[in-house]
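Engineer: quick check, what structure comes out for this input:
(chains A and B)
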Amino acid sequence: MEASFGVYYEKNSPIHQLDPRTKLLFMIAFIVCIFAANDMYAYLMLIGITVLSVIVSRVPILMVLKGLKPIFIIVIITTILNLFWTDGYTVLWSWWIITIYKESLIRAGMLALRIVILMACTSLYFSYTTTPIELTDGIETGLSFLKKIKVPVHEFAMMMTIALRFIPTLVEETSKIMNAQKARGADFSSGGLIKRAKALIPIIIPLFVSSFRRADELATAMECRCYRGGTGRTRMRVLKMKVKDYVFLLLTAGMIAGVILLNIYGKGYKV
Amino acid sequence: MSIVELKEINFIYGKKTPYEIKALDNINLKIEANCITGIIGHTGSGKSTLIQLLNGLIKADSGTVYLDGSDIWEKPKEISKIRFAVGMVMQYPEYQLFADTVREDIAFGPKNMGLDSEEIEKRVLQSAEFCGLDKDILDKSPFDLSGGQKRRVALAGVMAMNPKVLVLDEPAAGLDPKGRREILGGIKEFQRKSGTTVIIVSHSMEDMAMYCDRAIVMCHGKIVAHGTCCEVFSQHKLLLDVGLDVPEITGIILALREKGIDISDNIYTVDGAVEAIKSYYQSSKRERGV
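Structural biologist: Numbering: from 1, shown residues only, chains lettered A, B, ... in the order given. As a prediction, the model looks like this:
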């Protein structure tokens, strides 16, 4: 199974060392910036930030590009929709009922770019340079203020950790069961929709059974180690904001300011 | 006569990624028909990869697998025929059970073969008997059975396809000694009665010595020894070098030899050891003139 999600690329770059909370804040700011930016130069700046992040993180650029493969179709569809179904003033090319305007061409390009850098940056900061455990830790600590209004933040974070932890196990288990049923002559790739859906039963049932069994075992194991929820629980790795993180947040603030200023005063092409 | 033949097989996991592992390295192998062959090797030696090649669950990066003299990938669309001919019981097969009743689960393979219901019923009963399953179990849910019974149901499900070659990956893993004896004994009985070629993967040297006719030793994706059990187990040094143990009883015999007691070092079953020690005792008695 080829999923870019949850693929951690081990390196010791400055981005890997950042506190997950810093990355979360940055990503929120970055997403807002992408959608707020309406000036060509602001876009160039955001692209620059993405490229720079990839270089600093020392994640191979090919790996990042490969991770973009799953959204390729979405990008194509949105581009086509925007290209043909939006109006503009300057006609570039016209044939029969199809008319392409200069404005829609630019808009489509920008939108595609938005999706691409959004995906690239999110996967870079959240999966290539952050382990899932760090990420949930970051979410838990970052959102701990919600505990005051009785939101079970710890429980949610624990559920997320467990779910993430078992993705590879489930993938492995699925392929094992599929192999076992294939060995008994099961056929998953021919026949109509209903036949194919029926063919999945010999996989789904054992998968469910073993998931429940595993959940049961995990719960017992956790209780044996006296797990009783988040209250009074201490951590092995305590998250601590370092100078790096503050510097990075300052840069983030700079990015927001930059986008706002360029949106207002920028001389680039406005979208 | 060989029934399965592997020629210049190479298999690599995670090709062109940083995690590339060469699982099988230029394997050439002939597996004899009508006997039980054991494949031994420590974890990661390529045993499981090797057996998955035999029924086309995976395809080798290079090299050919022959069954009865013909390439199994000759007609890729008919690979399911190969899978019926080479029955495969995976590790912990009890986790693959899914049907409402034991009967239906055992019938899954034969049904996929397109047999008529009469033949299916016959095969279900036959293989259930081989695996030591009572008739009244057949209408129970497989999920209500004990671990050992579930394993036997899974085994029966593969046997019911009447394969020419039956491949078992660690059939006795995680069972108690009694369960081990029952499962492995049942397989041996099945082999003797049906004349099926059986391949067992294991890392228990004792089980291998007890139940197999021939043995293959694997290490780092290569075959380092292949022959009758006698031939393989007599290469003590090689077995120890590749990180395996000799069977416990052979270890004892070797220790006795080191103490200067002159008995054959070609012993790998308890019965054999008893005989050897008896004859040694008698001959030394004779020497001493008692």
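
Engineer: CA only for contacts and neighbour counts going forward, please
Structural biologist: Fine.

Engineer: counting neighbours, what do you get for residue 247?
Structural biologist: You didn't pick a chain, so chain A it is. 11 (other CA atoms under 10 Å in any protein chain shown).

Engineer: should've been chain B
Structural biologist: 21.

Engineer: that one and chain A, how far apart?
Structural biologist: The gap separating B:P247 from chain A is 31 Å, by CA to the nearest CA, to the nearest Å.

Engineer: quick one: pLDDT of that residue?
Structural biologist: Per-residue pLDDT puts B:P247 at 80.

Engineer: what do you get for the one 10 residues further on?
Structural biologist: B:R257 is assigned a pLDDT of 84 by the prediction.

Engineer: that one: what's it in contact with?
Structural biologist: B:I263, B:D265 (CA atoms under 8 Å, 6 or more residues apart in numbering or on different chains).

Engineer: kindly recompute the last result at 6 Å.
Structural biologist: By CA atoms under 6 Å, 6 or more residues apart in numbering or on different chains, the contact list for B:R257 is empty.

Engineer: next, whichever residue of the stretch 51-200 of chain A sits closest to chain B: phi, psi?
Structural biologist: Of all residues in the stretch 51-200 of chain A, A:R184 sits closest to chain B, at 4.7 Å by CA to the nearest CA. When read as degrees, to the nearest 10, the backbone of A:R184 gives phi -100, psi 20.

Engineer: where exactly do the helices run in the chain?
Structural biologist: As the question left the chain open, I've gone with chain A. A:14-17, A:20-36, A:40-57, A:61-67, A:72-85, A:102-122, A:132-142, A:153-183, A:193-199, A:201-224, A:243-265 (DSSP state H).

Engineer: try again with chain B
Structural biologist: B:47-54, B:79-85, B:102-112, B:117-130, B:147-159, B:177-194, B:205-211, B:229-233, B:236-241, B:248-258, B:270-288.

Engineer: what comes up buried for the second one?
Structural biologist: Buried residues in helix B:79-85, defined by neighbour count with 16 or more other CA atoms under 10 Å in any protein chain shown: B:I79, B:S80, B:I82, B:R83, B:F84, B:A85.

Engineer: what does the stretch 151-271 of chain A put close to chain B?
Structural biologist: A:I177, A:A183, A:R184, A:G185, A:P202, A:I205, A:P206 (CA under 6 Å from any CA of the partner chain).

Engineer: and with 7 Å instead?
Structural biologist: By CA under 7 Å from any CA of the partner chain, the residues of the stretch 151-271 of chain A that approach chain B are A:I177, A:N179, A:A180, A:A183, A:R184, A:G185, A:A186, A:P202, A:I205, A:P206.

Engineer: quick check, pLDDT for the third one.
Structural biologist: Which is A:A180. 91.

Engineer: that older thread, okay, the helices of chain B in TSV with distance to A:D39 next?
Structural biologist: Formatted as TSV, those follow (distance: least, CA to CA, whole Å):
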stretch	distance to A:D39
helix B:47-54	56
helix B:79-85	58
helix B:102-112	62
helix B:117-130	72
helix B:147-159	65
helix B:177-194	73
helix B:205-211	72
helix B:229-233	76
helix B:236-241	69
helix B:248-258	77
helix B:270-288	84
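
Engineer: closest to B:N34 out of those helices?
Structural biologist: helix B:177-194 (7.5 Å; CA to CA).

Engineer: any idea of the mean pLDDT in the closest one?
Structural biologist: Mean per-residue pLDDT for helix B:177-194: 89.
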